[in-house]
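Trainee: Model the following, please.
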Amino acid sequence: MKKLVVLILALCMLCSAAFAADLNWSDVEEAASQIAGEFKTFDEISVKIWIPDTLQAVELSDDDRENGYIGYFADENSAVAVQYVDMNGMSLEEYEAALKEDAEVSEIEAGTVNGLPALSYMLKEKDVACVAFTTEMGYILEVTCGKLSDENLSSVVAYIVSSIQSAK
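Mentor: Residues are numbered from 1 along each chain as shown. Next up, the predicted model:
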């Protein structure tokens, strides 16, 4: 019965256009364990994220790093990008206000991921979903998952986003 509840929860999260308001790894961990994957740790920000084995790490160029990318995982159809950008101390509320000014952004939702305040939003024309966090250093950590129309990725997006947590 517990597996069924976890599966239903995961499907509900996937069916919503934006991510659920409160996500926790413990709610999907059992279902995610049925898919080959592992946690990747980003030491520079002490965060870890579960990435399915179907997405392979892509080596970042110096230009990518200058643009704040600290991780990029892809297959032939989809990708997960992890970006850490100096936003001059912008708060999550200020970031939300800036996102609302962007015509490409839709379905902004505030919530938490493993207890961390976050914003989720969609870039429908680019077929991606994003979740953003602010850090004590005044940076924005943003995880972008796309193409959501790719069945392989869409089936695990909830697991990826639910896994974002402190590596401590």
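
Trainee: Trp50 is in contact with Ala31, isn't it?
Mentor: No: here Trp50 does not reach Ala31: they are 11.6 Å apart, not a contact under Cβ atoms under 8 Å. For every residue, glycine as well, the C-beta is placed using N, CA and C.

Trainee: what do those two both touch?
Mentor: By Cβ atoms under 8 Å, 6 or more residues apart in numbering, Trp50 and Ala31 have these common neighbours: Tyr159.

Trainee: I'd assumed Asn114 was in contact with Asp22.
Mentor: No: Asp22 lies out of contact with Asn114 (Cβ under 8 Å); the separation is 9.4 Å.

Trainee: the more surrounded of the two?
Mentor: More neighbours surround Asn114 than the other of Asp22 and Asn114, with 17 against 13 (other Cβ atoms under 10 Å).

Trainee: pLDDT wise, what is the residue nearest to the more buried one when sequence neighbours are not counted at?
Mentor: Once flanking residues are discounted, Asn114 sits nearest to Gln165: 4.1 Å by Cβ to Cβ, 6 or more residues apart in numbering. With respect to pLDDT, Gln165 scores 94.

Trainee: For burial, what's the neighbour tally of Gln165?
Mentor: The number of residues packed near Gln165 is 17, by other Cβ under 10 Å.

Trainee: Report the separation between it and Asp127.
Mentor: In this structure, Gln165 and Asp127 are 26 Å apart, going by Cβ to Cβ, to the nearest Å.

Trainee: What are the phi and psi values at Arg65?
Mentor: Main-chain torsions, Arg65, degrees, to the nearest 10: phi -60, psi -40.

Trainee: got it, and Glu76?
Mentor: According to degrees, to the nearest 10, Glu76 has phi -70, psi -20.

Trainee: for Ser166, same thing?
Mentor: The phi and psi values for Ser166, taken as degrees, to the nearest 10, are phi -60, psi 140.

Trainee: thinking Leu60 is in contact with Gly68, fair?
Mentor: No: counting by Cβ under 8 Å, Leu60 stays clear of Gly68, with 10.3 Å between them.
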